[in-house]
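[1] quick one, structure for this:
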Amino acid sequence: MKEIERKFLVDHSTWSKQIKAKSFDISQAYVHISKEQTIRLRLKDAKAYLTIKGPTIGLTRKEYEYEIPYQEAEEMIIDLKLKVLKKKRYLIDFSSKTWEVDVFDGNLKGLIIAEIELESEQEAFEKPAWIGKEVSYDPSYFNANLINRL
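    Predicted coordinates:
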């Protein structure tokens, strides 16, 4: 499956006024991180996923995601002594698109990143008022790199 994603920092003061209807807690850990691929474990509510992502070319990369037993994902995180990134994800519908807004916890508290998935890298879209600086091309804002700040 192909993923085309743009990422933006979020303006805290404007975001605080946004009505937030749907959210869930996410914990994620990385089994493997390299420029060519990442392998991630994600715990989201009562479900767990193993995700394999290929290299990013422009804004596009291949992504394969599989649901796995929750207890096994928890065991892998413990047994492999993986760092765990924690965040609350809000889904915000705006102008026929769904924005995923991640509010990070722990050492990353205060960081809020919004993502939008697109059909093509050239697709035009409207931005909500709380969208700030674009960080799509800044690897320091990729979750696989943020985990190193824990």
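[2] burial measure for residue 110, as a count.
    9 (other CB atoms under 10 Å). No exception for glycine: its C-beta is placed from N, CA and C like everyone else's.
[3] please apply the same query to the one 5 residues further on.
    Applying other CB under 10 Å, we find 18 other residues in the vicinity of residue 115.
[4] same question, the one 10 residues further on
    One way to gauge burial is a neighbour count; for residue 125, by other CB under 10 Å, it gives 13.
[5] before we move on, what about residue 86?
    Neighbours around residue 86, by other CB under 10 Å: 16.
[6] could you shift the numbering so residue one becomes 53, and keep it that way?
    With the count now opening at 53, the last piece we talked about shows up as residue 138.
[7] pretty sure it is in a strand, no?
    Yes - under DSSP: H, G, I helix; E, B strand; the rest coil, residue 138 falls within a strand.
[8] now do it, the pLDDT please.
    Reported pLDDT at residue 138 in the predicted model: 97.
[9] spit out the contact partners of the closest residue to it other than its chain neighbours.
    Excluding the flanking residues, the one nearest residue 138 by CB to CB, 6 or more residues apart in numbering is residue 157, at 4.3 Å. For residue 157, the contacting residues are 138-140, by CB atoms under 8 Å, 6 or more residues apart in numbering.
[10] same question for residue 137.
    So residue 137 contacts 79-81, 156, 158, 160, 195, 198-199, 202 (CB under 8 Å, 6+ apart).
[11] circling back to that earlier point, which of the contacts of residue 157 lies closest to residue 107?
    residue 139 (23.8 Å; CB to CB).
[12] in the protein, which spans are strands?
    54-62, 74-85, 90-96, 99-105, 112-120, 137-146, 149-156, 164-169, 183-186 (DSSP state E).
[13] on contacts alone, who are the packing partners of the fifth one?
    Spelled out, it's strand 112-120. Counting contacts by 3 or more CB pairs under 8 Å, 6 or more residues apart in numbering; DSSP states H and E, strand 112-120 is packed against strand 54-62, strand 99-105.
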